[in-house]
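[1] Next one to model:
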Amino acid sequence: MGEVRMVNSVGERVAGMPYVIEDEEADRFILLGYAEGELSREYSEEEREALRATIQIVEASSVRRDD
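    Coordinates of the predicted model:
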């Protein structure tokens with residue numbers, strides 16, 4: 001089990017709160033920048049890139065309203 005402090009809210013896990021979760025999930029949250037904590041093992045750059053490839057990034061666009 002790994003201990004993390006969430007930086008971003010993910011599902012039921014709230015930003016700013018500490019959680020003890022399975023190592024694999026804790027490592028994923030840490031590697032993706034969703035949480036802070038210690039990794040349970042070393043990850044190769046290939047593993048890190050493969051994990052990053054599974055996420056979807058949504059960019060905010062500016063909306064102009066003519067009132």
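
[2] what's stretch 6-20 in contact with?
    1-5, 21, 29, 33-36 (Cβ atoms under 8 Å, 6 or more residues apart in numbering). Glycine gets a C-beta too; all of them are placed from N, C-alpha and C.

[3] who wins for most neighbours among those?
    With neighbours set by other Cβ atoms under 10 Å, the maximum within the contacts of stretch 6-20 is found at Ala35, which has 26 neighbours.

[4] three-state assignment of Glu42?
    Following DSSP: H, G, I helix; E, B strand; the rest coil, the label given to Glu42 is coil.

[5] Just give the number of residues close to it.
    6.

[6] pLDDT below threshold where in this structure?
    Applying pLDDT under 70 to the chain flags the ranges 57-58, 60-67.

[7] now the strands for it?
    For the chain, applying DSSP state E gives strands covering 2-6, 18-21, 35-37.

[8] So for stretch 33-52, what gets flagged as buried?
    Under the neighbour-count criterion of 16 or more other Cβ atoms under 10 Å, stretch 33-52 has 34-35, 37 buried.
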